[in-house]
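>>> got a predicted model here, sequence first, then my questions.
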Amino acid sequence: PPGCILLDYMMPVMDGKEFVEALMRDHAEDWAKIAIVLATAKGSMAADVPELPLVRELVRKPIDIDVLLNVVERYCGKPA
């Protein structure tokens, strides 16, 4: 399984919160060990994160590449 999933908060069919809620409802045990990282440009979204226990981090857009690489290394390890 992946070490983390980088997910945009604003998506056309289902937003990031709806996606995470669906995972929690249907597959929480399978996904509990995989870090979900939400990317957003929306400042008010931070209030929603505590309600989403599978979300480990919030990354602000535009995404700083160093921040993104640090998040990926934290959950997936350093590249070989």
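It's in.
>>> so who does the closest residue to residue 8 other than its chain neighbours touch?
Take residue 8 and drop its neighbours on the chain: the residue closest to it by Cβ to Cβ, 6 or more residues apart in numbering is residue 39, 5.1 Å away. Quick note: C-beta positions are derived from backbone N, CA and C, even for glycine. Contact partners of residue 39, counting by Cβ atoms under 8 Å, 6 or more residues apart in numbering, are 6, 7, 8, 9, 58, 59, 60, 61, 63.
>>> who wins on neighbours among those residues?
Using other Cβ atoms under 10 Å as the neighbour criterion, residue 9 leads the contacts of residue 39 with 21 neighbours.
>>> my guess is that residue meets residue 42, correct?
Yes. In this structure, residue 9 sits in contact with residue 42. The criterion is Cβ atoms under 8 Å, and the distance is 6.3 Å.
>>> wait, is the residue nearest to residue 8 part of a helix?
No. Per DSSP: H, G, I helix; E, B strand; the rest coil, residue 39 lies outside any helix segment and is strand.
>>> next, the buried residues of stretch 5-22.
Taking 16 or more other Cβ atoms under 10 Å as the neighbour-count basis, stretch 5-22 is seen to contain the buried residues 5, 6, 7, 9, 15, 16, 17, 19, 20.
>>> re the thing from before, kindly state the beta-bridge partners for the residue nearest to residue 8.
Residues in a beta bridge with residue 39, per DSSP bridges, are residue 8, residue 59.
>>> hmm, which helix or strand of this structure has the shakiest average pLDDT?
Within the chain, confidence by mean pLDDT, DSSP states H and E is lowest for helix 16-31 among all helices and strands, at a mean of 81.
>>> how many neighbouring residues does residue 36 have?
Residue 36 has 20 neighbouring residues, counting by other Cβ under 10 Å.
>>> state the distance from residue 62 to residue 68.
Taking Cβ to Cβ, to the nearest Å as the measure, residue 62 falls 10 Å from residue 68.
>>> so for the two, which sits in the more crowded spot?
Counted by other Cβ under 10 Å, residue 62 and residue 68 do not tie: residue 68 has more neighbours, with 14 against 7.
>>> shouldn't that one be in contact with residue 59?
Yes. Counting by Cβ under 8 Å, a contact exists between residue 68 and residue 59, whose distance comes to 6.6 Å.
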